[in-house]
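In: mind looking at a prediction? Sequence and model below.
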Amino acid sequence: MAHFMDLRAFILRAHVLKLYRQALRMTRRAPGNWEGKEWSRQLVVQVAAHHGIV
């Protein structure tokens with residue numbers, strides 16, 4: 001049973017990392033003159049670090 005839960009945790013982590021990378025891509029693709037571009041990128045990184053994702 002524990003092995004099954006480890007697999008589920010692994011799959012969940014993969015999905016979270018995929019969402020994290022997508023969020024970073026979105027902030028990179030934002031228009032260069034958008035004022036919140038750097039702030040939003042920093043927010044994504046900080047939230048991920050706080051939750052131990054990266």
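Out: Structure received.
In: what about Gln29, how many residues close to it?
Out: That one is not Gln; residue 29 is Arg. By the measure other CB atoms under 10 Å, the count of residues near Arg29 is 8. For glycine as for every other residue, the C-beta is placed from the backbone atoms N, C-alpha and C.
In: ok, it to Gln46 distance?
Out: 20 Å (CB to CB, to the nearest Å).
In: how many residues are close by Gln22?
Out: Neighbourhood size, Gln22 [other CB under 10 Å]: 10.
In: ok, Leu12 next?
Out: 10.
In: any idea how far the residue nearest to the spatial centre of the chain lies from Asn33?
Out: The residue lying closest to the centre of the chain (CA atoms, centre = their mean) is Tyr20, at 1.7 Å. Per CB to CB, Tyr20 is found 25 Å from Asn33.
In: next one: Ala49
Out: Ala49 is 27 Å from Asn33, by CB to CB.
In: equivalent analysis for Leu17, please.
Out: Distance of Leu17 to Asn33, given as CB to CB: 30 Å.
In: of these two, who's got more company?
Out: Set Leu17 next to Asn33 and count neighbours by other CB under 10 Å: Leu17 wins out with 13 against 6.
In: thought the more buried one was touching Gly52?
Out: No - Leu17 lies out of contact with Gly52 (CB atoms under 8 Å); the separation is 11.6 Å.
In: could you list every helix and strand in contact with the helix or strand where Leu24 lies?
Out: For Leu24, the host element (DSSP states H and E) is helix 2-29. If contacts are counted by 3 or more CB pairs under 8 Å, 6 or more residues apart in numbering; DSSP states H and E, helix 2-29 sits against helix 37-50.
In: so which bits of the helix it packs on are buried?
Out: Neighbour counts over helix 37-50 (16 or more other CB atoms under 10 Å) mark Lys37, Ser40, Arg41, Val44, Val45, Ala48 as buried.
In: contacts for it, please.
Out: Contact with helix 37-50 is made by Tyr20, Ala23, Leu24, Thr27, Arg28, Ala30, Pro31, Val54, as judged by CB atoms under 8 Å, 6 or more residues apart in numbering.
In: for that helix, list the C-alpha coordinates in CSV.
Out: Taking Å, rounded to 0.1, in the frame of the first residue of the first chain, the C-alpha atoms of helix 37-50 are listed here in CSV:
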residue,chain,number,x,y,z
LYS,A,37,6.0,40.9,-15.4
GLU,A,38,9.0,40.6,-13.0
TRP,A,39,6.8,40.7,-9.9
SER,A,40,4.7,37.8,-11.1
ARG,A,41,7.8,35.8,-12.0
GLN,A,42,9.2,36.3,-8.5
LEU,A,43,5.9,35.4,-7.0
VAL,A,44,5.7,32.1,-8.8
VAL,A,45,9.3,31.3,-7.7
GLN,A,46,8.7,32.3,-4.1
VAL,A,47,5.5,30.3,-3.8
ALA,A,48,7.1,27.2,-5.3
ALA,A,49,10.1,27.6,-2.9
HIS,A,50,7.8,28.0,0.1
